[in-house]
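Participant: Sequence first, predicted model second:
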Amino acid sequence: MDWSELPRSWGATFLGDGRVRFRLWAPAQAFVSVAFDDRDVDMRPVADGWFEVDVTGLTHGTAYRYRLADGTCVADPASAAQKDDVFGCSLVIDQQRYRWQDDGWRGRPWHEAVIYEVHIGTFTPEGTFRGAIARLDSLKALGITAIEIMPVAQFCGRRGWGYDGVLHYAPHNAYGGVEDLKALVDAAHARGIMVFLDVVYNHFGPQGNLLSQYAPQFFHPERQTPWGAAIAFEEPAVRRYFIENALYWVGTFHLDGLRLDATGQMVDPNDRHILEDMALTLRHAFPDRHIHLVTEDPAHPALLRRGRDGRPPLYTAAWNHDLHHVLHVVATGEEAGYFAPFARERWSALEAAITGRVRASSTGSSDHGLAVPLEPSMQVVFLQTHDQVGNRAFGERLAALTDQCVLRQMTALLLLSPQVPLLFMGEEFGEAGPFHFFLDQDKATSQDLRESRLREAENFGGVAAGIMAADLPDPRDPATFERSRPDWSRADHPEGRRQAELVRALIALRQAHVAPLIADPGGIDAEVIPTAPGVLAVDWRAGTTVLRLRANFLDGDCIAPDAPGTIIFATPGRRGDSGELPAHGLLFALKREASE
């Protein structure tokens, strides 16, 4: 069943024959009506602060708002689409209009996942869902099996990253309409590509969120997150808002999974945490599909447990920021901000991160301690993401910060290690242009925004001496947004083609040799082999198969521990079977041992 056929607790739902049910939780209001262009229809109060009314004679695209007791009109917080911006009219959407072509699609198993993160607004010249379809064939040819879309919930303005969304059910209309997003998902599935969506359930954006006017119980103003008042997840209506939102994206838009932002900020006093409740609800609703749920951090490690069959009953994986941080230190020499704890003892930090002994916080701050060890299948690893690039002072990508030899070594490590890899758009051809932080609506002045970005940049590699706030790109300037688009012409240059061919070859090797290890229900054990500082030797064992990594991060040759087995990949310059690796050399070997 398409979940969009079922009435929701929040918002407007088509019931058939032009009849639409409107529901709003407004416990601070004595009276609420639905305001159309030509009339108002009073809503009847029902239990626990809810208002509800069925209205007939409506069509797809009908504009409406809710009118509060004092006459103020507000958008539907569960709006499926907006006519204009977040302060304007919501639109009634008949979700059954779209004719899906992906019958029979059930997704792909997690061990096949190679993820590609995209920002819809900058991914293509069009900056739309429909525009993104044109790039799917090249992603399929590369071996990408999943795209992860940065948040699309309607936010204030037209340009932004999406982490300040306020209408969580409405695809941002600057990217296209509801059916455009469905068409993108449909087209991806036709090519065997899964689609994940980044969702933000830990806070609302600062502009356009009017819930406090009619439902102040939605928040805990006495408890703050880094982005505003904490959300009252213990309230049943609030809980339904977010759980139904997850159901909505996966069910109505046929998405294959969600990546949940900053889950460490989601505090819930209930015995069953909302994150557990959400995952159980999703998996019960879609038992015959591969649904993958990923958290930004392992702040709740119990959510990542595996069942006896090796499958995740709750969450599939968490982002491993630690591995990014220490590899960034090794590749660039940067030691400021979040990188500082990893720079002090980088080689032991590298061993910990690559074997899954990761910190519970995505910041890398040492005061958050260590989470329980995570198996490789429980980790999403990366060299670059929107955060790690865009929060830098000038949005530099890794290709602009290190040389090609190091970049290729890091790329091979990323794609052939048994964790699940993620690439950031353009990374596959070595994009060296920036990806900036940008927006076009904010109450702060441009100078204040730049100063805020300067402070943020101190955590992401620091800022060179003498750089002032005025030197940073203006987040509001349209040119900042335009400079953040990948330069696709670079993919046709010799260096771009070489990098893309490397990525394509590595992904093919991964699917042939590494993916089967991740699929083993017995899990994977990691063992670090003692070596000299700057040399890494790791054996991952799954059943009777061992995957061996030997890597030299030094500027000169080294002798690495023996790596028995068939070498499936080695960077140029390895000298016979002596164990000698050249500067920034790396090899992976596979050994299938006889069972006892």
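Facilitator: Perfect, I can see it now. Given the structure is predicted, the values throughout are model-derived calculations rather than measurements.

Participant: Determine how far stretch 229-239 lies from the middle of the whole chain.
Facilitator: 23 Å (C-alpha atoms, centre = their mean, to the nearest Å).

Participant: Please export the C-alpha coordinates of that stretch as CSV.
Facilitator: Extracted as CSV, the C-alpha positions of stretch 229-239 are listed here (Å, rounded to 0.1, in the frame of the first residue of the first chain):
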residue,chain,number,x,y,z
ALA,A,229,14.9,25.6,21.5
ALA,A,230,14.9,21.8,22.0
ILE,A,231,11.9,19.9,20.6
ALA,A,232,9.5,18.3,23.1
PHE,A,233,9.6,14.7,21.7
GLU,A,234,7.7,13.4,24.7
GLU,A,235,4.5,15.2,23.5
PRO,A,236,2.4,12.6,21.5
ALA,A,237,1.5,15.2,18.8
VAL,A,238,5.1,16.2,18.4
ARG,A,239,6.2,12.6,18.2
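
Participant: What are the buried residues along it?
Facilitator: By 16 or more other C-beta atoms under 10 Å, the buried positions in stretch 229-239 come out as 229-233, 235, 237-239. C-beta: built from backbone N, CA, C; applies to glycine.

Participant: got it, and stretch 553-561?
Facilitator: Within stretch 553-561, the residues scored as buried using 16+ other C-beta under 10 Å are 553-554, 558, 560.

Participant: Please verify my assumption that Trp25 contacts Ala237.
Facilitator: Yes. If you go by C-beta atoms under 8 Å, Trp25 and Ala237 touch, sitting 4.2 Å apart.

Participant: shaky segments in the stretch 251-400 of the chain?
Facilitator: For the stretch 251-400 of the chain, applying pLDDT under 70 flags the ranges 360-372.

Participant: If we use 50, what do you get?
Facilitator: Within the stretch 251-400 of the chain, the segments meeting pLDDT under 50 span 364-370.

Participant: Let me see the ranges of the helices in it.
Facilitator: Assigned by DSSP state H, counting those that start in this stretch, the helices in the stretch 251-400 of the chain fall at 274-285, 321-332, 340-344, 346-354, 386-390.

Participant: So what touches the fourth one?
Facilitator: Applying C-beta atoms under 8 Å, 6 or more residues apart in numbering, the set of residues contacting helix 346-354 from outside is 320, 322-323, 325-327, 329-330, 341-342, 358, 370, 417, 526, 528, 533-534, 536, 538.

Participant: Quickly list the domain ranges of the chain.
Facilitator: Domain segmentation of the chain under automatic domain parsing yields 3-91, 113-440+474-510, 523-592.

Participant: Straight-line length of the shortest one, end to end?
Facilitator: Taking C-alpha to C-alpha, to the nearest Å, the span from the opening residue of domain 523-592 to its closing residue is 16 Å.

Participant: and what of the second one?
Facilitator: Between the opening and closing residues of domain 113-440+474-510 lies a distance of 10 Å (C-alpha to C-alpha).

Participant: gap between it and the chain center?
Facilitator: Taking C-alpha atoms, centre = their mean, one finds the center of domain 113-440+474-510 at 2 Å from the center of the full chain.

Participant: With stretch 66-77 instead?
Facilitator: So, by C-alpha atoms, centre = their mean, the centroid of stretch 66-77 is 33 Å from its chain's centroid.

Participant: The stretch 251-400 of the chain: strands as residue ranges?
Facilitator: Under the criterion DSSP state E, counting those that start in this stretch, strands of the stretch 251-400 of the chain are mapped to 257-260, 292-295, 317-319, 379-382.

Participant: So for Gln499, which of those strands sits nearest?
Facilitator: Ranking the strands of the stretch 251-400 of the chain by proximity to Gln499 (C-beta to C-beta) places strand 379-382 first, at 16.1 Å.

Participant: No more questions from me, cheers.
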